[in-house]
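Engineer: Next one to model:
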Amino acid sequence: MRPDLADLRLFLCIVDAGSITQGAVRANLALASASERLRNMEADIGVALLTRRPRGVVTTEAGEALAHHARLILGQQARLQSELKDFASGTRGTLHLYANTAALTTFLPPRLAPWLAERPRLHVRLKERTSAEIVRTISAGLAEAGIVSDAVRAPGLLLQPVAQDHLVLIVPQAHRLARRDSVHLADTMQEPFVGLAPGNALQDHIDSHARTLGHPLHLRIRMKTFEGLCEMVAHGVGPGIVPQGIASRHRRRHNYRTVALADDWARRRLCLCFRDWEALSLPMQSLLAHLGARAC
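Structural biologist: Numbers count the residues shown, from 1 in each chain. Predicted structure coming up:
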């Protein structure tokens, strides 16, 4: 017998009602149509499924077996439909979101947490990259969306600003630059810096701008976290460059001064980056809308 979900539903309606007539009503079928489908099922199987009695029907042994498996099959189908509906509505699945260091550290955590908490069956994989790398990945069709600095060029992609992301210089209290309101990176090139660990997207970004000035940063030590970097600066090891939000957060605990970076590349905004809103999956549309995206 070839499984037919409509036949299985009808058969269970008849079994549960104990009557072909009432089973047809439950299945929203005419009595003649239900009777014909039941006869075809029995003919295909080659055995009687129901015993007809004056006041209704009861299952034969074969009918009991069919009813058992029909419930399993229809139950599995219902679970499958539920899961697929979750995927379609954006409440189940895995999202891959690319973000630069500042977005991962300061922007995303307080915004992503409540959205993700409401979707317990959805997973998000965050991937840290430089803004330039994210743009190349999205342009190549290898990612749906990311969060980048507006300092990056993104031809063919949409950038929607969602937050400020200025970079600042932090220095020990007694440092020669501590009383300055602002400074260019070029004025600090001889300083022994505290940097972030190799491979950190923000540090790669800073290093690339230092190299354009013809002199790589002299890094005394690299730290894995912003907390560690700020602590090193506060103890006089050397200056460091961090997002303004990070500087403000850790200044409450560590004693250092914040100096604005006057370079254009340091005055940044965080932007949602994607190619085409309509081409985004529903879960990604939901996430980006929550983060401040505008459908276009």
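Engineer: for the stretch 1-150 of the chain, what spans make up the strands?
Structural biologist: Remark: strands assigned in the stretch 1-150 of the chain by DSSP state E, counting those that start in this stretch are 50-53, 56-59, 92-99, 121-128, 145-149.
Engineer: If you count neighbours, what's buried in whichever helix or strand comes after the last one?
Structural biologist: Going back to what we said before, that points to strand 145-149. Toward the C-terminal end, the helix or strand that comes next after strand 145-149 (DSSP states H and E) is strand 158-164. The neighbour-count criterion (16 or more other Cβ atoms under 10 Å) identifies L158, L159, Q160, V162, A163 as the buried residues of strand 158-164. For every residue, glycine as well, the C-beta is placed using N, CA and C.
Engineer: rewinding a little: out of the strands of the stretch 1-150 of the chain, deepest packed?
Structural biologist: Most buried of the strands of the stretch 1-150 of the chain, by mean neighbour count (mean count of other Cβ atoms under 10 Å): strand 145-149, with a mean of 27.
Engineer: what's the average pLDDT for that strand?
Structural biologist: In this model, strand 145-149 has an average pLDDT of 94.
Engineer: Between strand 92-99 and that strand, find me the angle.
Structural biologist: On the basis of axes from the mean of the first three to the mean of the last three Cα atoms, to 10 degrees, strand 145-149 is oriented at 20 degrees to strand 92-99.
Engineer: most remote residue from the chain's center?
Structural biologist: P54 (60.7 Å; Cα atoms, centre = their mean).
Engineer: Looking at the strands of the stretch 1-150 of the chain, spot the one closest to S19.
Structural biologist: strand 56-59 (4.4 Å; Cβ to Cβ).
Engineer: which secondary structure elements does the closest one contact?
Structural biologist: Packed against strand 56-59 by the contact rule (3 or more Cβ pairs under 8 Å, 6 or more residues apart in numbering; DSSP states H and E) you find helix 5-17, strand 50-53.
Engineer: Touching that strand from outside, list them.
Structural biologist: The contact list for strand 56-59 (Cβ atoms under 8 Å, 6 or more residues apart in numbering) reads I14, V15, A17, G18, S19, I20, L49, L50, T51, L66, A67.
Engineer: run the last query once more with 6 Å
Structural biologist: V15, G18, S19, L50, T51 (Cβ atoms under 6 Å, 6 or more residues apart in numbering).
Engineer: The residues you listed: which two are farthest apart?
Structural biologist: Spatially, the most separated pair among those is S19 and T51, at 12.7 Å (Cβ to Cβ).
Engineer: would you turn the contacts of strand 56-59 into CSV with pLDDT?
Structural biologist: Listed next are the contacts of strand 56-59 as CSV, based on pLDDT from 0 to 100:
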residue, pLDDT
V15, 88
G18, 90
S19, 91
L50, 90
T51, 91
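Engineer: Which of the residues you listed sits closest to A113?
Structural biologist: The shortest approach to A113 among those belongs to V15, at 48.7 Å (Cβ to Cβ).
Engineer: Where do the domain boundaries of the chain fall?
Structural biologist: Domain segmentation of the chain under automatic domain parsing yields 5-88, 90-164+269-291, 167-266.
Engineer: hey, least reliable of the ones you listed by pLDDT?
Structural biologist: Among the domains of the chain, domain 5-88 scores lowest, at a mean of 85.
Engineer: Quick check: which of the helices and strands packed on strand 56-59 is nearest to G292?
Structural biologist: Proximity to G292 (Cβ to Cβ) singles out helix 5-17 among the helices and strands packed on strand 56-59, at 43.7 Å.
Engineer: Which other helices and strands does the closest one contact?
Structural biologist: helix 20-26, helix 31-45, helix 61-89 (3 or more Cβ pairs under 6 Å, 6 or more residues apart in numbering; DSSP states H and E).
Engineer: Turn the strands of the stretch 1-150 of the chain into CSV, including distance to V25.
Structural biologist: Below are the strands of the stretch 1-150 of the chain laid out as CSV (distance: least, Cβ to Cβ, whole Å):
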stretch, distance to V25
strand 50-53, 17
strand 56-59, 13
strand 92-99, 35
strand 121-128, 37
strand 145-149, 50
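Engineer: Looking at the ones you listed, spot the one closest to A178.
Structural biologist: The closest approach between A178 and any of the strands of the stretch 1-150 of the chain, judged by Cβ to Cβ, belongs to strand 145-149 at 26.6 Å.
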